[in-house]
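Asker: need coordinates for the below:
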Amino acid sequence: MSIDLDGRAVLVTGGTKGLGRGLTDAFRAAGARVLVCARNAPATAVDGVEFVAADLRDAEQAAGVVDAAVERFGRLDVVVNNAGGSPEAEAATVSTRFVEKIVALNLLAPFYVAQRANAVMQGQDDGGLIVNIGSLSGHRASPGTAAYGAAKAGLANLTRSLAMEWAPKVRVNMVTVGYLETEDVEAHYGDAAGVAAVAGSVPMGRLVRPDDVAAACLFFASPAAAFVTGADLAVDGGGEPPAFLTARQG
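Answerer: Below is the predicted model:
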């Protein structure tokens, strides 16, 4: 399906590297005007992409990013709440400050951005779309990243709640991402053998790529999804096999 977003205004949070960069490139290729934000500017500018530095955990800065997009583009059609993540930390010993920062980044920041975006989109004749990037960690136990998993579970619920509150002008959907392959994949899954082992556990036989996630986001932004809101689309290659299968085979 060819998706034409010519002239559409898109905001991608955390859009300078990894998955966010893949999303930015995909929306640009579809013809959209894109603004990205992160705490630090990218090492090299991306042609045709606007940038704003911001810490989205701060509500005023989050709102300011939305305002910057409207100022530069005159409107805002799509927001992709992609910024997030967490290093590993044991729940028994992790500091309260760490937990607060992880929850703020993965749950509060998307809320702050969405709230300001909704205020803009409700005033537009054709409304707008907000896509939250979720994680498998929000759908099952997340040992080692408990605060992150809890925040992503909250984001899934937030998506459904906002979809109900803000319809029909603003649609709110989620893409739940499985084991992701980016430039720093080995930092998450170990050496090449570890990466291969994780990929081998996925029913589709490989890790999720940024363009897989981008395709889901572009679908939500297309006319084909005009009646889709409150949805949670899993882009995980079939998910995780049940643990009992591994135990039985081992």
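Asker: quick check: closest non-adjacent residue to residue 180.
Answerer: residue 208 (4.9 Å; CB to CB, 6 or more residues apart in numbering). Using the backbone N, CA and C atoms, a C-beta is placed for each residue, glycine as well.
Asker: ok, that neighbour touching residue 181?
Answerer: Yes: applying CB atoms under 8 Å as the test, residue 208 and residue 181 come out as touching, 6.5 Å apart.
Asker: look up how far residue 85 lies from the residue nearest to residue 180.
Answerer: As judged by CB to CB, to the nearest Å, residue 208 and residue 85 stand 15 Å apart.
Asker: dump stretch 169-177 to PDB, restricted to CA.
Answerer: Output of stretch 169-177 as PDB, limited to C-alpha atoms (Å, rounded to 0.1, in the frame of the first residue of the first chain):
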ATOM      1  CA  LYS A 169     -11.700  14.400  16.000                       C
ATOM      2  CA  VAL A 170      -8.500  12.800  17.400                       C
ATOM      3  CA  ARG A 171      -7.600   9.200  17.000                       C
ATOM      4  CA  VAL A 172      -5.200   7.600  19.500                       C
ATOM      5  CA  ASN A 173      -3.500   4.200  18.800                       C
ATOM      6  CA  MET A 174      -0.600   2.200  19.900                       C
ATOM      7  CA  VAL A 175       2.100   0.100  18.200                       C
ATOM      8  CA  THR A 176       3.500  -2.600  20.600                       C
ATOM      9  CA  VAL A 177       7.000  -3.400  19.500                       C
END
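Asker: can you give the distance of that stretch from its chain's centre?
Answerer: Per CA atoms, centre = their mean, to the nearest Å, the displacement of stretch 169-177 from the mean C-alpha position of its chain is 10 Å.
Asker: how about stretch 114-130?
Answerer: That offset, for stretch 114-130, works out to 18 Å (CA atoms, centre = their mean).
Asker: ok, back up a step: so which of residue 208 and residue 85 has more stuff around it?
Answerer: Legend: neighbour count by other CB atoms under 10 Å for residue 208 and residue 85, higher for residue 208 (21 against 15).
Asker: report the contact partners of the more buried one.
Answerer: 177, 178, 179, 180, 181, 235, 236, 237 (CB atoms under 8 Å, 6 or more residues apart in numbering).
Asker: before we move on, what about residue 159?
Answerer: 132, 134, 172, 173, 174, 230, 232.
Asker: now list the buried members of those residues.
Answerer: Buried members of the contacts of residue 159, counted by 16 or more other CB atoms under 10 Å: 132, 134, 172, 173, 174, 232.
Asker: for the residues you listed, which two are the farthest from each other?
Answerer: Across the buried ones among the contacts of residue 159, no pair lies farther apart than 134 and 172, at 12.1 Å, counting by CB to CB.
Asker: tell me the helix or strand right after the helix or strand of the chain with the lowest mean pLDDT.
Answerer: Scoring the helices and strands of the chain by mean pLDDT, DSSP states H and E places helix 185-189 at the bottom, with a mean of 68. The helix or strand immediately downstream of helix 185-189 is helix 192-200, counting by DSSP states H and E.
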